[in-house]
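J.: For reference, the sequence and a predicted model appear below.
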Amino acid sequence: MIASIREQFNNNFSEEKYLNFLKDLNKKHPGAIEFRVAETPVFIPKDFTEKMISACEAIVDVITAPDFKAITQRAIPITENVPGENDHTDFIAFDFGICENKMGELEPQLIEMQGFPTLFGFQVYYPKILEKYFDIPENFSHYLSGYDEASYIAFLRDIILGGHQPENVILLELKPHKQKTRIDFYCTQDYIPIPIVCLTELKQEAGPNDSVGRGKKLFYEKDGKKIEIKRIYNRIIFDELLQIKDSLGDVVDITQPLDVEWAPHPNWFYRISKFTLPLIKNPYIPETFYLNELKEVPKDLENYVLKPLFSFAGQGVIIDVTKKDLDEVEQPENWILQRKVKYADVIKTPNTPAKAEIRIFYFWRKGAARPVAVSNLARLSKGKMIGVRYNMDKDWVGGSVAYFEK
């Protein structure tokens, strides 16, 4: 995005340097990085960063409004409404495409958001290795709001632990050591020494004051010792859980009342999601409608995308929408129609240019009035959409990081 920096980076790039970087990156946790890591970071000018943050803050205004919980109650499926919800989420991730407007100018456009963790640990480790092999201008940082590595990790640690001892806090996931994002679990554990626990490993027992039923206490085992769980750093996507639940056997029902704290509480995954988009009006947020509230089908329907509210990782999205697609939707209240954005071919590469998406991380300290922007990840693509299946056999695509001009 900054021509002089891009030219200098590309001129200094070599395939040998990139391969040595990847070798070093994989050294700490061999075989744990399953996704492609891009050849380059993204360099973001100050004015573009300010536009992204202004859009994030406009969304935070909606999320912090007194009526937000009432408005978004419908977002939580009845069967997945978990008791014990706290006042606010601990994390928010905002995905922005680097797009081109009608005047041919670059601008951010919000693609999605989630009240859920992302690669918070890996995005500390990965830029450190990147900077060993590639020069980053001194006045650029991948952190935001004045944060650096030490203060970022301290912030993340405070949220995840919530004042508890690390052995009483778990990172909970489904088959965590088989997940494609497992490198993030391992990096998180490097910085915050909490156990990584599969849902199938949870034990539910009665405490001393529980006289009926299985009890509300959760435990895991380590070296033959039963350890109580007081807080869960939740990485389970309920959509995935529903798909494979029958194959897991007799597992603890985590939607029941349990004597544990959540970070973040599962309900926030639904509240802060695609469901929230129609509530926000902002020049950097594409026009979005709940399908059941659509008064008139847009005449330029080809310029919209149809998305299910309750899906993850782009599943079920219809890119080339027709009137027939709208008519065949069985539960229109669970779908949104969103105006398409035009990703810009903004990253110059040795062959065809790449598109880019920036995910801004927000952390929210308990009791704070608002969350704060702290860091990011980026993804590069040369396909029709951002994502692995659209970028097979392409170079200069994949996971990356943005460096922001200070």
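T.: Perfect, thanks for sending it.

J.: so where do the helices sit in the stretch 1-150 of the chain?
T.: Using DSSP state H, counting those that start in this stretch, the helices of the stretch 1-150 of the chain run over residues 3-12, 15-25, 46-63, 68-71, 122-133, 149-161.

J.: wait, which of these is closest to residue 217?
T.: With CB to CB as the criterion, residue 217 lies closest to helix 149-161 of these, at 19.0 Å. Using the backbone N, CA and C atoms, a C-beta is placed for each residue, glycine as well.

J.: Just the CA trace of the closest one, in PDB.
T.: Extracted in PDB, the C-alpha atoms of helix 149-161 (Å, rounded to 0.1, in the frame of the first residue of the first chain):
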ATOM      1  CA  GLU A 149       5.100  -7.400  23.000                       C
ATOM      2  CA  ALA A 150       5.400  -7.200  26.800                       C
ATOM      3  CA  SER A 151       2.300  -5.100  27.400                       C
ATOM      4  CA  TYR A 152       0.300  -7.100  24.900                       C
ATOM      5  CA  ILE A 153       1.100 -10.500  26.500                       C
ATOM      6  CA  ALA A 154       0.400  -9.000  30.000                       C
ATOM      7  CA  PHE A 155      -3.000  -7.800  28.800                       C
ATOM      8  CA  LEU A 156      -3.800 -11.200  27.200                       C
ATOM      9  CA  ARG A 157      -2.600 -13.000  30.300                       C
ATOM     10  CA  ASP A 158      -4.800 -11.000  32.600                       C
ATOM     11  CA  ILE A 159      -7.900 -11.700  30.500                       C
ATOM     12  CA  ILE A 160      -7.300 -15.400  30.100                       C
ATOM     13  CA  LEU A 161      -6.300 -16.100  33.700                       C
END
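
J.: same question for stretch 266-281, mean pLDDT?
T.: Average pLDDT, stretch 266-281: 92.

J.: And for stretch 176-189?
T.: 97.

J.: What's the end-to-end length of that stretch?
T.: 13 Å (CA to CA, to the nearest Å).

J.: now swap in stretch 166-184 and tell me
T.: 17 Å.

J.: In that stretch, which residues are buried?
T.: 167-174, 176, 179, 181-184 (16 or more other CB atoms under 10 Å).

J.: Tell me the pLDDT of residue 248.
T.: pLDDT, residue 248: 87.

J.: Now it. Nearest residue, chain neighbours left out?
T.: Of all residues not flanking residue 248 in the chain, residue 200 sits nearest, at 5.7 Å (CB to CB, 6 or more residues apart in numbering).

J.: next one: residue 2
T.: Nearest to residue 2 is residue 43, by CB to CB, 6+ apart, at 4.9 Å.

J.: any idea of the mean pLDDT in stretch 359-377?
T.: For stretch 359-377, the mean per-residue pLDDT is 97.

J.: let's have the chain start at 199 instead
T.: With 199 as the first residue, the last one maps to stretch 557-575.

J.: wait, residue 460 sits on residue 428?
T.: No. Using CB atoms under 8 Å, residue 460 is not in contact with residue 428; the gap is 10.9 Å.

J.: residues contacting residue 354?
T.: For residue 354, the contact set (CB atoms under 8 Å, 6 or more residues apart in numbering) comprises 318, 319, 389, 390, 561.

J.: now with 6 Å?
T.: With contacts defined as CB atoms under 6 Å, 6 or more residues apart in numbering, the neighbours of residue 354 are residue 318.

J.: count of neighbours near residue 540?
T.: Residue 540 is flanked by 14 other residues according to other CB atoms under 10 Å.

J.: Surely residue 306 is in contact with residue 480?
T.: No. Shown here, residue 306 and residue 480 do not form a contact pair, counting by CB atoms under 6 Å, at 10.3 Å.

J.: Show me the shaky parts of this protein.
T.: 404-412, 509-513, 583, 586-588 (pLDDT under 70).

J.: ok, back up a step: could you check which of residue 460 and residue 428 has the larger neighbour count?
T.: A count of neighbours by other CB under 10 Å puts residue 460 above the other of residue 460 and residue 428, at 22 against 19.

J.: where does that one land in three-state SS?
T.: The local conformation at residue 460, judged by DSSP: H, G, I helix; E, B strand; the rest coil, is strand.

J.: isn't it right up against residue 430?
T.: Yes. Using CB under 6 Å, residue 460 is in contact with residue 430, at 5.4 Å.

J.: And the residue nearest to residue 446, how close does it get to residue 315?
T.: From residue 398 across to residue 315, the span is 20 Å (CB to CB, to the nearest Å).

J.: which of these two has more neighbours?
T.: residue 315 (25 against 12).

J.: Quick check, that one in contact with residue 288.
T.: No. Judged on CB under 6 Å, residue 315 makes no contact with residue 288 at a distance of 8.3 Å.

J.: How about the spatially most central residue of the chain: what's its closest non-neighbour residue?
T.: When CA atoms, centre = their mean is applied to the chain, the residue found nearest the centroid is residue 316 (3.9 Å). Nearest residue to residue 316, sequence neighbours excluded (CB to CB, 6+ apart): residue 291, at 4.8 Å.

J.: again with residue 546
T.: Counting by CB to CB, 6+ apart, the residue nearest residue 546 is residue 204, at 5.3 Å.

J.: Distance check, that neighbour against residue 330.
T.: In terms of CB to CB, residue 204 sits 20 Å off from residue 330.

J.: burial measure for the closest residue to residue 267 other than its chain neighbours, as a count.
T.: Nearest residue to residue 267, sequence neighbours excluded (CB to CB, 6+ apart): residue 469, at 7.3 Å. Number of residues near residue 469 (other CB under 10 Å) recorded here: 22.

J.: Likewise for the one 4 residues further on?
T.: Burial of residue 473, expressed as a neighbour count using other CB under 10 Å, amounts to 20.

J.: Could I get the contacting residues of the residue lying closest to it once chain neighbours are set aside?
T.: Once flanking residues are discounted, residue 473 sits nearest to residue 273: 4.0 Å by CB to CB, 6+ apart. Residue 273 sits next to 468, 469, 473 when contact means CB under 6 Å, 6+ apart.

J.: Tell me the one of those residues nearest residue 217?
T.: residue 468 (41.8 Å).

J.: A helix includes the closest one, no?
T.: Yes. The assignment for residue 468 by three-state DSSP puts it in a helix.
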